[in-house]
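# show me how the following folds:
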Amino acid sequence: MARDVSDTTPITSRNMLVEWLEAGCKTGGAPLRIGTEHEKIPFYAVDNAPVPYEGSAGRGGVRALLEGLGDALGWAPIFDRDALIGLYQPDGGGAISLEPGGQFELSGAPLLDVHATRDELDAHFGALAPVARGLGVRFLDLGCSPKWSRTETPAMPKQRYAIMQAFMPKVGARGLDMMFRTATVQVNVDFVDEADMVQKMRVGLALQPLVTALFANSPFLDSKPTGRLSQRSYIWLDTDPNRTGMLPFAFEQGFGFERYVDYALDVPMYFVKRGDVYYDVAGASFRDLMKGRLQQLPGEYATMSDWANHLSTIFPEVRLKTYLEMRGADAGPRAHFTALPALFAGLFYDPGALDEAGELTKDWSADARQALRNDVPALALDATIGGRNLRDIGRDVLSLAKDGLRRRARLNAEGHDETVYLAPLEAILEDGRSLAQQRLDAYYGGWGRSIDAAFVDCVLPL
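The predicted structure follows:
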């Protein structure tokens, strides 16, 4: 999330929270849009060192990256007290934000098709490239920082992250690794009404392990292979059980906006923001804030901005806001930044494809879905559910997505539809190996078991 929401409307009832989610419904034929977010890990090309916020040894750091990119794009700054921590398009488009370890994130604008997403990425990297080159900075295309320890990884000056950093070790063994050493790409999709949201939520949750397998690209940590193909996904398994996971209740009869609100209300809070100050209320109840009974801030009542900010601190495999976020993929090469939105545009924005995806996954039990989620970080496409491996299921799902994109028939200037962006996934399924497996082959082969080669071969082109 690039900017915390500012809406001081007091929350006077639970129904206001439900209505906030319902406001996302694209009724009356409103267009369904696609938002794509990606993170990338910066490093200094001269010595493969991490990039601190203020820089080091006379080298410009993350702040200088933001300043240069802001000048290039003309975007407005986002500050946390005196620290520049992001940029945003004043017209409500995209934004740049920082993750806790300096991961550089583009939160893309909601766009009509994947061709527009590609154009957005071209503009982003076109502006970023000269700034990064001038600072001697490059970006890894991996889903996990492959070399630096947690203590070697710099921390960004954001108050909310300091609160999370103190709380995470109390609720999971790997929460700090999640914060500081992982990177992802995610796609945000719209829904028409509550029934459409429910169908997309269920299909999305069922298919997130497949997404993890297709985009698995984080086999290294601490300068060596971890034994897993998506270390990022494995880290999420022991981060904070109260705010992560596969949401089995979403498959229960009667699930809808109200049930998700009740779930979110039961997730402990991290902070309350008032003015420029983030107050540490980690572990507190949002229900108590609504009643003015928060022990850390007695007499303070919840506002709609508190609700929006609270929802941004919940991290399930699919997250509901006024849209749905698909959160299962590792970060990767540029082509993966368009492959993920293409996959879900094809599945979710064509009624036939969505129905068939629902049929494909409807008989998977909660236990089977969870077992698949547990297995996929290590096994990726070799993980199985219902007697089939994800490689075979992936071919079926990709076929559904391609058919859906063909029926959408969104053409670019060259006359190509959005199926062209599925090519990286087709290649992975044809080869039979995830990108992580291909990079492990390189590690044991041409890299000579030296992780430093990743800082040459696993780099986003600028």
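
# mind listing the helices for the stretch 351-462 of the chain?
The residue ranges that make up the helices of the stretch 351-462 of the chain, judged by DSSP state H, counting those that start in this stretch, are 351-361, 366-379, 390-408, 423-431, 435-444, 454-457.

# now do the stretch 101-250 of the chain
Taking DSSP H, counting those that start in this stretch as the test, the helices found in the stretch 101-250 of the chain are 114-135, 159-167, 175-181, 194-214, 231-236.

# pick the most buried one from these.
helix 231-236 (a mean of 28; mean count of other Cβ atoms under 10 Å). For glycine as for every other residue, the C-beta is placed from the backbone atoms N, C-alpha and C.

# which strands and helices sit next to that helix?
Packed against helix 231-236, as judged by 3 or more Cβ pairs under 8 Å, 6 or more residues apart in numbering; DSSP states H and E, are the following elements: helix 175-181, strand 324-330, helix 366-379.

# what ranges in the chain fall below the confidence cut-off?
Using pLDDT under 70 as the threshold, the predicted model of the chain has low-confidence ranges 1-5.

# ok, back up a step: of all the helices of the stretch 351-462 of the chain, which lies closest to Thr27?
Closest to Thr27 of those, according to Cβ to Cβ: helix 351-361, at 15.9 Å.

# next, the buried residues of that closest one.
Residues of helix 351-361 classed as buried under the neighbour-count rule (16 or more other Cβ atoms under 10 Å) are Ala353, Leu354, Glu356, Ala357, Leu360, Thr361.

# list the contacts for the second one?
When you say that, I think you mean Leu354. Contact partners of Leu354, counting by Cβ atoms under 8 Å, 6 or more residues apart in numbering, are Gln199, Lys200, Val203, Leu347, Phe348, Gly404.

# and of those residues, the nearest to Leu411?
Of all the contacts of Leu354, Gly404 has the smallest distance to Leu411: 15.1 Å, by Cβ to Cβ.

# could you check the distance from that closest one over to Ile393?
Distance of Gly404 to Ile393, computed by Cβ to Cβ, to the nearest Å: 16 Å.

# what does Gly358 give?
Counting by Cβ to Cβ, the gap between Gly358 and Ile393 amounts to 14 Å.

# check Asp288 too.
Between Asp288 and Ile393 the computed distance is 44 Å (Cβ to Cβ).

# quick one, which of the two is more surrounded?
Set side by side, Asp288 and Ile393 give different neighbour counts by other Cβ atoms under 10 Å, the larger being at Ile393 (22 against 17).

# please work out how many residues are found near Cys144.
Under the neighbour criterion other Cβ under 10 Å, Cys144 is assigned a count of 28.

# let me redo that: Ser230
The tally of other residues near Ser230 (other Cβ under 10 Å) stands at 30.

# my guess is it meets Leu379, correct?
No - counting by Cβ atoms under 8 Å, no contact exists between Ser230 and Leu379, whose distance comes to 9.7 Å.

# buried residues of the helix or strand containing Leu84, list them for me.
Assigned by DSSP states H and E, Leu84 belongs to strand 83-88. Residues of strand 83-88 classed as buried under the neighbour-count rule (16+ other Cβ under 10 Å) are Ala83, Leu84, Ile85, Gly86, Leu87, Tyr88.

# dump those into a markdown table; add distance to Asp276 as well.
Conversion of the buried residues of strand 83-88 to a markdown table gives the following (distance: Cβ to Cβ, whole Å):
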| residue | distance to Asp276 |
| --- | --- |
| Ala83 | 11 |
| Leu84 | 14 |
| Ile85 | 12 |
| Gly86 | 14 |
| Leu87 | 18 |
| Tyr88 | 17 |
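
# for these, which one is nearest Thr184?
Sorting the buried residues of strand 83-88 by how near they are to Thr184, with Cβ to Cβ, puts Gly86 at the top with 17.2 Å.

# the closest one - nearest residue in space that isn't next to it in sequence?
Excluding its sequence neighbours, the residue lying closest to Gly86 (Cβ to Cβ, 6 or more residues apart in numbering) is Ile78, at 3.6 Å.

# what about that neighbour, which SS state?
When classified by DSSP: H, G, I helix; E, B strand; the rest coil, Ile78 comes out as strand.

# looking at the helices and strands packed on helix 231-236, spot the one closest to Gly92.
Using Cβ to Cβ as the criterion, the shortest distance between Gly92 and these is 18.2 Å, found for strand 324-330.

# list the helices and strands that closest one packs on?
In this structure, strand 324-330 makes packing contacts with strand 184-189, helix 194-214, helix 231-236, strand 318-320, helix 334-348, judged by 3+ Cβ pairs under 8 Å, 6+ apart.

# just want the angle from the longest one to helix 435-444.
Going by axes from the mean of the first three to the mean of the last three Cα atoms, to 10 degrees, helix 194-214 is angled at 20 degrees with respect to helix 435-444.

# what angle separates helix 194-214 from strand 324-330?
With the same axes, to 10 degrees as the criterion, the two stretches helix 194-214 and strand 324-330 enclose an angle of 10 degrees.

# who are the packing partners of helix 194-214?
When contacts are defined as 3+ Cβ pairs under 8 Å, 6+ apart, helix 194-214 packs onto strand 318-320, strand 324-330, helix 334-348, helix 351-361, helix 366-379, helix 390-408, helix 423-431.

# out of the ones you listed, nearest to Gly101?
Distances from Gly101 to each of the helices and strands packed on helix 194-214 were compared using Cβ to Cβ; the minimum, 15.4 Å, belongs to strand 324-330.

# buried sites along whichever helix or strand Leu21 is part of?
Using DSSP H and E, Leu21 sits in helix 14-22. Of the residues in helix 14-22, those scored as buried under the neighbour-count criterion (16+ other Cβ under 10 Å) are Met16, Leu17, Val18, Trp20, Leu21, Glu22.

# dump whatever helix or strand comes next after it to PDB, restricted to CA.
Using DSSP H and E, the next helix or strand after helix 14-22 towards the C-terminus is strand 34-44. These are the backbone C-alpha positions of strand 34-44, laid out as PDB (Å, rounded to 0.1, in the frame of the first residue of the first chain):
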ATOM      1  CA  ILE A  34      -6.700  -4.600 -13.500                       C
ATOM      2  CA  GLY A  35      -4.100  -3.200 -11.100                       C
ATOM      3  CA  THR A  36      -0.700  -4.700 -11.000                       C
ATOM      4  CA  GLU A  37       1.900  -4.300  -8.200                       C
ATOM      5  CA  HIS A  38       5.400  -5.400  -8.200                       C
ATOM      6  CA  GLU A  39       8.400  -5.200  -5.900                       C
ATOM      7  CA  LYS A  40      12.100  -5.400  -6.800                       C
ATOM      8  CA  ILE A  41      15.200  -5.600  -4.500                       C
ATOM      9  CA  PRO A  42      17.800  -2.900  -5.200                       C
ATOM     10  CA  PHE A  43      21.600  -3.400  -4.900                       C
ATOM     11  CA  TYR A  44      24.800  -1.600  -5.700                       C
END
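
# show me what strand 34-44 is packed against.
Counting by 3+ Cβ pairs under 8 Å, 6+ apart, the packing neighbours recorded for strand 34-44 are strand 49-50, strand 104-107, helix 114-135, strand 137-140, strand 184-189, helix 334-348.
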